[in-house]
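Asker: coords please:
(2 chains)
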Amino acid sequence: MKLIQEPDFGTPAVKAEKTVTLTIDGFAVTVPEGTSIMRAAAEAGIAIPKLCATDLVKSFGSCRLCLVEIDGRRGTPSSCTTPAADGLVVHTQTDRLKKLRRGVMELYISDHPLDCLTCAANGDCELQDMAGAVGLRDVRYGYDGENHVKPKASDGTDNFRWMAKDETNPYFTYDPSKCIVCSRCVRACEEVQGTFALTIEGRGFDSRVSPGAHESFLGSECVSCGACVQACPTGTLQEKSIIEIGQPEHSVVTTCAYCGVGCSFKAEMRGDELVRMVPFKDGKANHGHSCVKGRFAYGYANHGDRILNPMIREKTSDPWREVTWEEALAHVASEFRRLQHQHGRESIGVITSSRCTNEETFLVQKLARAVFGNNNTDTCARVCHSPTGYGLGQTFGTSAGTQDFDSVEQSDVILVIGANPTDGHPVFGSRLKKRIRQGAKLIVIDPRRIDLVRTPHVEAAHHLPLRPGTNVAVLTSLAHVIVTEKLYDEAFIRERCDWDEFQDWAEFVSQPQNSPEQVGALSGVDPDEIRGAARLYATGGNAAIYYGLGVTEHSQGSTTVMAIANLAMATGNLGRPGVGVNPLRGQNNVQGSCDMGSFPHEFPGYRHVSTDNVRDSFEKIWGVPLSDEPGLRINNMLDAAVDGSFKGIYIQGEDILQSDPDTHHVAAGLAAMECVVVHDLFLNETANYAHVFLPGSTFLEKDGTFTNAERRINRVRKVMAPKAGYADWEVTQAIANAMGAGWSYTDPSQIMAEIAQTTPSFANVTYELLDEKGSIQWPCNHKAPEGTPIMHVGGFVRGKGKFIRTEYVATDERTGPRFPLLLTTGRILSQYNVGAQTRRTANSVWHEEDRLEINPIDAEVRGVKDGDWVRIASRAGETSLRALITDRVAPGVVYTTFHHPATQANVVTTDYSDWATSCPEYKVTAVQISPSNGPTEWQLEYEDQARQARRIVTSVDAAE
Amino acid sequence: MTTRIFVPLDSASVALGADEIAAAITAEAAQRGVAVEIVRNGSRGLYWLEPMVEVETLKGRIAYGPVAPSDVPGLFDAGFQSGADHALSQGLTEEIPFLKKQTRLTFARCGLTDPHSLQSYEEFGGLRGLRNAVKMTPEEIVETVTRSGLRGRGGAGFPTGIKWNTVLQAAADQKYIVCNADEGDSGTFADRMIMEGDPFVLIEGMAIAGIATGATKGYLYTRSEYPDAIAAVEQAIVIARKAGVLGPDVLGSGRAFDMEVRMGAGAYVCGEETSLLNSLEGKRGVVRAKPPLPALEGFLGRPTVVNNVMSLASVPIILDRGAEFYRDYGVGKSHGTIPIQIAGNVRHGGLFETAFGLPLGEIVEEIGGGTLTGRPIRAVQVGGPLGAYFPPSKFDTIFDYESFTDADGLIGHAGIVVFDDTVDMLKQARFAFEFCALESCGKCTPCRIGAVRGVEVIDRIAAGKVDGENVDAQIELVTDLCETMKFGSLCALGGFTPFPVVSALTHFPEDFRPRTLKQAAE
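Answerer: Predicted coordinates for the structure are as follows:
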């Protein structure tokens, strides 16, 4: 193992068909037209000295180290800003250039600290490298002149140019004394991240990097994505972990375990200590970018709250007792066998994790099907994207997004509905913003004014702030405009879809109840905006739809997905780059957990359990008979538990108590079971109701794969030994074997081989191929040996695209005099899902509690001021949290995040759900808000119960 | 009969009391019952005579100057309203040698007319160029300007027609004309004089540029220090728009062009075209690397002509009289006329428009009349604060682009500042660095740090703290620094700072020696 040093070509790659050939230092080089001389030289293996250039951002031309001479041209142009051209004869090293570069370096060093040996960047400093490269031997100006380096001048007076370090950001420091004003950080913030938080303040010698208008990093608009730190060539912006630990000595490429973007990172290590996570430039999902979570929020992996020993207890009111793995596994096996013996084969089940690897998920569902002998397996995708699976499966034939992320670079119109990419999928959000800054038009359909609606250099052409629960009506109304104004793509529809079904659908959407005027009245959206958005989507060029849980988590979630599919088919926006229907997956491996057969009715690869030949193929390999009856969904398991027929559950890496709707119902279900096995990093909320706790392993502690929202299978690579002794897949295998299964996997690659053997869309996937290609997008089989970036090219997977009528049916969850407001939920950049990981990192400085967003009008009527405690009550329950008064939400709508267990936002959500998939209706709850003086009785009781439930008696205590 | 009396509104004249004089004349005339019509004209550019009052007579306009308000009763007593003789009388304006020797093409009307009378503008030949242009194809206009040999008057001397052609050939939904009126060089005032004294010629030039390149929108970017010029141009734009010179249908041609004035925030570097564009876009005034050329990716990323006021104001006469008429003036590759601005320690300071080709010595000694102090000229700085210093031994240098380049100098915006023999050239060299340090945008390293170090090195030489050997080392260091800045800087600010420094070192080495050594040498 060694430290992976990614080459920096100085300027971004250019995609051009035409090439030019030039001569650099006597070598002929051929590059795409528009490539800089610097990059051309780098591709030929000649490293022209540089400081302000990096291939992450556009050329800038400020450092003046990369000057070259070109035969027949005057002067010494900078190679980063001068395009290569046919026939140029370039010299990168001449006496004149050597002298100039040395002159420039002499100036740099005359205003730079001479503390290389004690500088955190020592060994990873481009300034240091360049001083060496140009042969700087002397700084004749001395070090007593004007400078930013010393706090005091030689006469003892204060040096007004000197600025103290800014250490406000929890993850990196800014030391202005080391800044060389290359602007790489500023440009990265603008071009890569798109936040525009940084600038250069002052001019001339006074120039210095500044967050906002001379603010602190933490106090500024900085979102701590780390792009500036990565771009900094010196120790000016430096990870605190490097300052504390030192430079890493080896690195391993792996995949982030946060959201569904699936960013590739280099885990940079010193021994088995993780020094930092650096986004990997060759990562196909992120191309070297990151967000505050993946880049910095890995501290939970070492958090003191991690449970490292298995624990059991008889009753959930008992304290935990630490036991050996052997004892714990034997206990689980005997309990599960006992329950099945006493209550029947169907009395136990599993919940797979969308955060664990494909291999681990595959084993957990295999445990249910092949060892428990039932199909009682479900996963958290139930509560997020199950309608995507259903809706896209029905219309297109596959349960996944149609595009790769790179596709957005070719989009002309981007429709975002029910998603908040800059918070939920930040790295993709940045790419989306970049495309919009390049001129693509944006349509946002969201009840809330998300950042994308208006953020620096990005503004939506249309924002449709619809009333929560009216997605189907608004999307069908867009279709109404497209059909009645004949903006549809008849040739595409006739060729690729069922024309009769289209006509039926067209007749339906044309009906007057779907007109923008009628839908406008019920959704609260301006009819002109509906028409404008429909025309733009249909006629603006390549149009792509990106959506999230604001689409799926509704009583008509599946209908909405179908409405989206209809729009894309009707306008021919499928089957090529720049278009498509793209669900933004919430968790790192939610796509993978669905692919791996986590649902009770489907084997891996979305094949129904009743399909004989599919079942046969698994029976042959697994050597056991398999049930042809779909098993229980999560909510069915809980119902059955309350009824007394479901008794035991193995939950890997999920916290259903906090993440699932109607907390009271979940708690009642869990409390009714006799053996709840929670396999997790922490004593999560669900563990309060558990009898066995098995300590889990982080993504840093195991090998495997994650599949991101673009169907990309990325490798997860172990960088340290599992702290609790076993990777999660090993624990599942041990449970199976304790129950007599006799599994013998010694490496996750063997599990992937079994997946490939049994699942046609994974047929060609091997770890060797993944290592070779970096990543693969399924389907990957004999038809697409290297994977499939874009789906449905030339035709739909199901054959003909299917138009389906999407009748709007209002949810049963309605506002009335008692509950006049609609609550909808979402997430925030710095926290992730239920917060189990991010709350255990310094990310909490950005979001220490969930707040309830209320429009000023609704707040005033209720006498609520910003920061006040408010009680929020629904038909299901009530909780309290503090108010945030903002016009981001319209009157009549309130909004909160659900990252903190203290909030218990799901106490108020109801058990209404999607008609097709039971996906809960998180996004619409009728509520009332009233001033409150603090947490509710339930919250206090809950906290007390949780404290009780988390007591651990160590073995020493037990002996006494 | 009402007598027309011309009192300049030019801000330099106003600074010298022109408003008070106009008021005094009005009051005095009323008191005496003399019928006068006061016309506020632009300046003729004879600044040592400002405020210069002219009286229209049958023989022509008679000039009196410099006039103080206290002179007014005396002028009336002498009968100046009929052109009578007086101690301040300069005779017929047109016969004043400084004016008579000029070739006024760009400044043909400046000082003659009421700057806001479009009628008067047309009477004196205005709008003929634009009227010709609207009958031509864009290609023909560009070809005419190219053939005229007009080169950028901002200093770089790039052929205007070629720049226009690049913009014309570029395909874009929107193109722009940007007039660089950020006149910041020391001793220059030609742009201001035109904006205040004949704004229509600039508007006409911009309209022609717009029609020639397909740009429908123009911006005039100027300095907050020019409030009178801004007001004058804005007023002229309103008049031009009303008269159909600007707007959706320029002179009934069916082609659109309109413009507005934008004010900078006071950075010298925003006179550099790419910083100017950033500033115009509302960004920090930081230099952009070229390529991309502004002609292809300029204002808001669109193809943009960025021309100096003088370049654009020279276009109407070319379209009026033809490319050859203009081209035949000048020498070598420097065609047409150049408005030279003579300033500093000089007897006859002012604007002198002439064909390229005069020797520098003739300009400062004969036309300028030598120093105001009467002491010998020691140095002349040409081309603004970043221009080279010329000693009298180089006064045979011909005033054109190439000769000045060959003499390690530049003509820049054609500003000349004269110094007598009391000047300390070490201080002047220090000033060059100081100016660069103050005005650097801070983007490129040679300029950002180099200028500050330059001041320090010069101070080390000046302080005489060092022995003779070290002076040589410091001079070597400053020479190396100049080379780094000249060839390493991103734009002309850092790149040209070495001109004054190196010329001072080369031509006046004695000023850089420690006093003791210098005295010892004597």
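Asker: give the contact list for residue B:431.
Answerer: By C-beta atoms under 8 Å, 6 or more residues apart in numbering or on different chains, the contact set of residue B:431 is B:385, B:500. Every C-beta, even on glycine, is put in place using the N, C-alpha and C of the backbone.
Asker: any idea which helix or strand carries it?
Answerer: Using DSSP states H and E, residue B:431 maps to helix B:425-439.
Asker: now that helix: average pLDDT?
Answerer: Helix B:425-439 carries an average pLDDT of 97.
Asker: which outside residues touch the following helix or strand past it?
Answerer: Using DSSP H and E, the helix or strand that follows helix B:425-439 in sequence is helix B:445-448. For helix B:445-448, contacts defined as C-beta under 8 Å, 6+ apart pick out A:62-64, A:103-104, A:107-108, A:180-181, A:204-205, A:207, B:436, B:440-442, B:484-485, B:488-491, B:493-494, B:497.
Asker: quick one: mean pLDDT for helix B:445-448?
Answerer: For helix B:445-448, the mean pLDDT works out to 97.
Asker: name the next helix or strand downstream of that helix, please.
Answerer: helix B:450-463.
Asker: from residue A:281, how far off is residue A:135?
Answerer: Look at residue A:135 and residue A:281: by C-beta to C-beta, to the nearest Å, they are 29 Å apart.
Asker: those two - which one has more neighbours?
Answerer: When residue A:135 is set against residue A:281 and neighbours are counted by other C-beta atoms under 10 Å in any protein chain shown, the residue ahead is residue A:281, at 18 against 10.
Asker: how about the more buried one, phi and psi?
Answerer: phi -70, psi -30 (degrees, to the nearest 10).
Asker: what residue lies at the spatial centre of chain B?
Answerer: Computing the C-alpha centroid of chain B and ranking residues by C-alpha atoms, centre = their mean puts residue B:190 first, at 3.5 Å.
Asker: residue contacts, it?
Answerer: The contact partners of residue B:190, by C-beta under 8 Å, 6+ apart, come to B:183, B:309, B:310, B:339, B:341, B:351, B:413, B:414.
Asker: just the buried residues out of the residues you listed, in PyMOL syntax.
Answerer: Buried residues among the contacts of residue B:190 (16 or more other C-beta atoms under 10 Å in any protein chain shown), as a PyMOL selection:
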select buried, chain B and resi 183+309+310+339+341+351+413+414
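Asker: need the contacts of residue B:190 in TSV with distance to residue B:372 and secondary structure, can you?
Answerer: Converted to TSV, the contacts of residue B:190 look like this (distance: C-beta to C-beta, whole Å; DSSP: H, G, I helix; E, B strand; the rest coil):
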residue	distance to residue B:372	secondary structure
B:183	23	coil
B:309	28	helix
B:310	26	helix
B:339	21	strand
B:341	16	strand
B:351	17	strand
B:413	22	coil
B:414	20	coil
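Asker: what helix or strand is the residue of the stretch 101-250 of chain B found nearest chain A on?
Answerer: The minimum distance from the stretch 101-250 of chain B to chain A, using C-beta to the nearest C-beta, falls at residue B:173 (10.8 Å). Residue B:173 is part of no helix or strand when elements are defined by DSSP H and E.
Asker: again, but for residue B:228
Answerer: Under the assignment here (DSSP H and E), residue B:228 is part of helix B:227-242.
Asker: same check, this time on residue A:61
Answerer: Residue-wise, residue A:61 maps onto no helix or strand under DSSP H and E.
Asker: what residues are up against the residue nearest to it when sequence neighbours are not counted?
Answerer: Nearest non-adjacent residue to residue A:61, counting by C-beta to C-beta, 6 or more residues apart in numbering or on different chains: residue B:289, 3.1 Å away. Going by C-beta under 8 Å, 6+ apart, residue B:289 touches A:59, A:60, A:61, A:62, A:78, A:80, A:81, B:274, B:490.
Asker: hmm, try it at 7 Å
Answerer: A:59, A:60, A:61, A:78, A:81, B:490 (C-beta atoms under 7 Å, 6 or more residues apart in numbering or on different chains).
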